[in-house]
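A.B. asks: Fold the following.
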Amino acid sequence: MEVRYEKYGFYTIDTEYLKYLYSKDTEVFYSEAKGYERKPYLGLLARLGKHLYCIPLTSAKQTHLNWKNITEHNYLIYENVFESELRDNDIFKQIDKTEIYKKLLAVLEIKKMIPVDETLCKFIKFTEVTDKDYLSLLQKEYRFLIPHKDSILDKAKTMYLKQKETGKVKYCYCSFSLLEDAYESYSNPSNKESD
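C.D. replies: Numbers count the residues shown, from 1 in each chain. Take a look at the predicted model:
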């Protein structure tokens, strides 16, 4: 099976498409909360066989502090900082009674990856991001993931093939077959009308 990145970097995904996928599989990152459509759905694009997948990032949450840095299904994205660098809304914990704190930035959730195509996503050019704080965050996340590029693809491939071969969808994982069927219906208007 061919496994590779499209253009390596971050992409945003069409909100209407996310809403549609969520209606088929509630493990897809999407919320009907007011204003959610303004929150960018961000991820890396990878080709897994004949399908293009977005491996999403999600905002760091307090519960993520208890997670391992790297598992079969996620990567915690963090930076080590001094206490003086922490801000009110940061999610962090002290590292072994030292002066260093682990500050979470985001989580790359391989188990939540979704099928997409080029019409449903947009590459983020850092030179076009005008919010300096947001740009700084994106750049930190990007730099953090670069050394893990190959292992992210390996984990995505392993997870994808295992689910396809066994037909078993683990708890809190997206169903790749279900979402591929939903993608086919979404991208083919004649199929969508029959839903």
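A.B. asks: For the most centrally placed residue in the chain, give me phi and psi.
C.D. replies: When Cα atoms, centre = their mean is applied to the chain, the residue found nearest the centroid is Pro56 (1.0 Å). Backbone dihedrals for Pro56, given as degrees, to the nearest 10, come out at phi -80, psi 150.
A.B. asks: give me every residue that touches it.
C.D. replies: Ile13, Phe29, Tyr41, Leu42, Gly43, Leu108, Glu109, Lys112, Met113, Ile114 (Cβ atoms under 8 Å, 6 or more residues apart in numbering). Backbone N, C-alpha and C define where each C-beta goes, glycine included.
A.B. asks: How about it: which residues does it bridge to?
C.D. replies: Each beta-bridge partner of Pro56 is listed here, defined by DSSP bridges: Gly43.
A.B. asks: and what of Asn74?
C.D. replies: Where Asn74 sits in a bridge, its partners, by DSSP bridges, are Glu109.
A.B. asks: measure Asp117 to Tyr134 for me?
C.D. replies: Using Cβ to Cβ, to the nearest Å, one obtains 26 Å as the distance from Asp117 to Tyr134.
A.B. asks: shouldn't Asn74 be in contact with Trp67?
C.D. replies: Yes: counting by Cβ atoms under 8 Å, Asn74 touches Trp67, with 7.0 Å between them.
A.B. asks: what do those two both touch?
C.D. replies: In the contact map built from Cβ under 8 Å, 6+ apart, the residues linked to both Asn74 and Trp67 are Val107.
A.B. asks: who has more neighbours, these two?
C.D. replies: Between Asn74 and Trp67, counting by other Cβ atoms under 10 Å, Asn74 is the more crowded of the two (20 against 14).
A.B. asks: How much space separates that one from Asp150?
C.D. replies: According to Cβ to Cβ, Asn74 stands 16 Å off from Asp150.
A.B. asks: Check Tyr8 too.
C.D. replies: For Tyr8, the distance to Asp150 - Cβ to Cβ - is 11 Å.
A.B. asks: The two: who's more crowded?
C.D. replies: Neighbour comparison, Tyr8 and Asp150: the larger count goes to Tyr8, with 13 against 10 (by other Cβ under 10 Å).
A.B. asks: by contact count, what packs against the helix or strand where the more buried one lies?
C.D. replies: Using DSSP states H and E, the secondary-structure element containing Tyr8 is strand 3-13. Taking 3 or more Cβ pairs under 8 Å, 6 or more residues apart in numbering; DSSP states H and E as the contact definition, the neighbouring helices and strands of strand 3-13 are strand 42-48, strand 51-59, strand 121-123, helix 132-145, helix 149-166.
A.B. asks: Let's have those in a markdown table, adding distance to Lys24.
C.D. replies: Shown next, in a markdown table, are those (distance: least, Cβ to Cβ, whole Å):
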| stretch | distance to Lys24 |
| --- | --- |
| strand 42-48 | 18 |
| strand 51-59 | 15 |
| strand 121-123 | 18 |
| helix 132-145 | 28 |
| helix 149-166 | 16 |
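A.B. asks: closest to Arg87 out of these?
C.D. replies: helix 132-145 (10.4 Å; Cβ to Cβ).
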